[in-house]
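A.B. asks: Just need the structure, nothing else, for what follows:
(chains A, B, C and D)
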Number of protein chains: 2
Amino acid sequence: MSQETTVHAKLRSMLLDGEFEAGTRLTEQSVCDLLGVSRTPVRAALLRLAAQNLVTGQSNRGYTVRGITVDDVWNANVVRAVLEGAAAGIVARNGLGAAAREVLEQSLADYGDLARHVELSDSFLERHAAANRVFHDALVSASGNESLTRSIDTLAYMPVQINRIVFASDRDFAVQTVQSGLAEHHGVVAAILSGDAMAAEILMRTHSQKALRGIDHVRGVLKLGPEFRQMPFHEFIGGVGVPGATG
Amino acid sequence: MSQETTVHAKLRSMLLDGEFEAGTRLTEQSVCDLLGVSRTPVRAALLRLAAQNLVTGQSNRGYTVRGITVDDVWNANVVRAVLEGAAAGIVARNGLGAAAREVLEQSLADYGDLARHVELSDSFLERHAAANRVFHDALVSASGNESLTRSIDTLAYMPVQINRIVFASDRDFAVQTVQSGLAEHHGVVAAILSGDAMAAEILMRTHSQKALRGIDHVRGVLKLGPEFRQMPFHEFIGGVGVPGATG
DNA sequence: CTTGGCTCATTTGTATACAATGGCGCGATT
DNA sequence: AATCGCGCCATTGTATACAAATGAGCCAAG
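C.D. replies: Residues are numbered from 1 along each chain as shown, chains lettered A, B, ... in the order given. Okay, the predicted model is just below:
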């Protein structure tokens, strides 16, 4: 792994974990000292982080950390839902290739197996996230629209695996979420196969928006008022005590 | 202007103008020789270009130029239309702030003035593009969703000002496009003010997709078959002889 | 003749020295 | 006392030397 990759990954997780106060200035040199590398890879990493909007860079005056609020994550997920919905619509319109269909059906099968035995073990959560990701990725890439694919990938810097948090906070909610998730996946595929683009888009958008409902559910568990949207995301996550949940 | 900015801008326009064959390898050193700067700014510029998908970079093996096809531009505009539609829907749902409303109405007025006296002069095309951009930008930023704003901005590296080409190729089409464009802008604003999110989204998406219709119109003018989608974009543009139309 | 590995050239990855830029504080002047 | 301007300092921007990695070509062995 190159130094630049290491620096980027490390800074990213530190930023998402809230290890820097929002507004803290990050000079290139300070990052060098912190991580023990030279300025060149640090510079490249900061450029990428700025492109992902995790830090803001002003010309000649370095970078400042941009705190991630719940609202930021919410907004990113709104956009993701819109884009994934559009992907489903495109696929329904253009038809589903044999290879993509294979992948989707396999992921439906895997997801179905999971839905029959919901647990809250780490291994289950891992497999669930994987199966879910396979479905979403397959759908998006089946659209054959590279701008779409890249736009969604760019959003992925934001923590989107809300499910782990939701699951850990409420078992009943978890069971219900997995099972309705399965049903929704099936519904999207059915709409695509029948060539109903509008249904596919709406169903997929609604499904993707579940992450938002998950956030709102956590808000309920934590008994927070509407001001929770302005909270630093890492505090919000910390409230339900799920280590590593920001991945 | 910093060297990095210069290098980026220069390479970008060269890439869009098709001055490099698709697949050409771009080593850092070759770009240095070409533009007479050292590797550091070149490196940064190539990173940005890779993020924008104008070149593809494989680890340790440099970059190769990725030809921009009509399809690429088409796909980028599909995504843009989806996102702008979503923005309109969000604004309709959340309401329009006084400041944003001001900007939108001013842009409607400006656009209305233009629509009454369509010409094909450079100055007119410039003012038309500006008024149009003001409307679209104001709408997107009124959504208050920064992920959305940034996603759209990221797409903007793709040539989206198809209008200039369309206009130059067919005066009647130009007049009709400007006037229906004005009507569509009004329709979107009306839907937003009445709080009809679905109408706002559909109207705005449909409106944004006009760029696609513009591309298709040019295809007709050039009497190209369906294979035109795989054409290098700069050749396609070159066909109607509009210098500087890729901006 | 084919295939395996080894060497070497090419090219990126990293470190560091130096230049330029912009902000901030201090002092002088009104 | 307030303001304007100047100079210093912090920090990024740039150049370049050196290290590391990857792929190609060659040679030898089977």
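A.B. asks: what comes up buried for stretch A:95-108?
C.D. replies: Under the neighbour-count criterion of 16 or more other CB atoms under 10 Å in any protein chain shown, stretch A:95-108 has A:96, A:100, A:101, A:103, A:104, A:107, A:108 buried. For the C-beta atoms, the positions are set from N, CA and C on the backbone; glycine is no exception.
A.B. asks: Repeat that for stretch A:134-142.
C.D. replies: Under the neighbour-count rule (16+ other CB under 10 Å), stretch A:134-142 has A:134, A:135, A:136, A:138, A:139, A:140, A:141, A:142 buried.
A.B. asks: Contacts for it next, please.
C.D. replies: Outside stretch A:134-142, the residues within contact range by CB atoms under 8 Å, 6 or more residues apart in numbering or on different chains are A:83-84, A:87-88, A:91, A:96-97, A:100, A:103-104, A:106-108, A:110-111, A:148-149, A:152, A:185, A:188, A:204, A:208.
A.B. asks: what are the phi and psi values for the nearest residue to residue A:17 once chain neighbours are set aside?
C.D. replies: The shortest distance from residue A:17 to any non-neighbouring residue, by CB to CB, 6 or more residues apart in numbering or on different chains, is to residue A:234 (5.5 Å). Its backbone dihedrals place residue A:234 at phi -70, psi -30, with angles given as degrees, to the nearest 10.
A.B. asks: Residue A:234 - how many residues pack around it?
C.D. replies: The burial count assigned to residue A:234 is 20, neighbours taken as other CB atoms under 10 Å in any protein chain shown.
A.B. asks: repeat for the one 5 residues further on
C.D. replies: Other residues within reach of residue A:239 by the criterion other CB under 10 Å amount to 18.
A.B. asks: and if you look at residue A:39?
C.D. replies: For residue A:39, the neighbour count with other CB under 10 Å is 13.
A.B. asks: Over to residue A:36?
C.D. replies: Residues contacting residue A:36 under the criterion other CB under 10 Å number 9.
A.B. asks: Let me know the helix or strand that residue A:79 is in.
C.D. replies: Taking DSSP states H and E as the definition, residue A:79 sits inside helix A:70-94.
A.B. asks: Just the buried residues of that helix, please?
C.D. replies: By neighbour count with 16+ other CB under 10 Å, helix A:70-94 contains the buried residues A:70-92.
A.B. asks: got the angle for whichever helix or strand comes after it vs helix A:70-94?
C.D. replies: Where DSSP H and E defines the elements, the next helix or strand beyond helix A:70-94 is helix A:98-116. In terms of direction (axes from the mean of the first three to the mean of the last three CA atoms, to 10 degrees), helix A:98-116 departs from helix A:70-94 by 130 degrees.
A.B. asks: by contact count, what packs against helix A:98-116?
C.D. replies: Contact here means 3 or more CB pairs under 8 Å, 6 or more residues apart in numbering or on different chains; DSSP states H and E; on that basis helix A:98-116 packs against helix A:122-142, helix A:171-193.
A.B. asks: and of these, who's closest to residue B:2?
C.D. replies: Closest of the helices and strands packed on helix A:98-116 to residue B:2 is helix A:122-142, at 35.7 Å (criterion: CB to CB).
A.B. asks: I'd like the next helix or strand past that closest one.
C.D. replies: Toward the C-terminal end, the helix or strand that comes next after helix A:122-142 (DSSP H and E) is helix A:146-155.
A.B. asks: interface residues of chain A facing chain B?
C.D. replies: Proximity of chain A to chain B, by CB under 8 Å from any CB of the partner chain, involves residues A:2, A:43-44, A:47-48, A:51, A:53, A:59, A:72, A:75-76, A:78-79, A:82-83, A:86, A:90, A:145-148, A:150-151, A:154-155, A:158.
A.B. asks: ok, and of those residues, which contact DNA strand D?
C.D. replies: The overlap between the residues of chain A next to chain B and the neighbourhood of DNA strand D (criterion: CB under 7 Å from any atom of the strand) consists of A:43, A:59.
A.B. asks: and chain A, what are its domains?
C.D. replies: Taking automatic domain parsing as the domain assignment, the record places the domains of chain A at A:3-65, A:70-238.
A.B. asks: hey, which of these is tucked in deepest?
C.D. replies: Using mean count of other CB atoms under 10 Å in any protein chain shown, the stretch among the domains of chain A with the greatest mean number of neighbours is domain A:70-238 (a mean of 18).
A.B. asks: any idea which helix or strand of chain A has the worst average confidence?
C.D. replies: Within chain A, no helix or strand scores below helix A:162-169, which has a mean of 66 by mean pLDDT, DSSP states H and E.
A.B. asks: Show which residue of chain A lies farthest from the average position.
C.D. replies: Relative to the centre of chain A, the most outlying C-alpha is that of residue A:60, 32.3 Å out, by CA atoms, centre = their mean.
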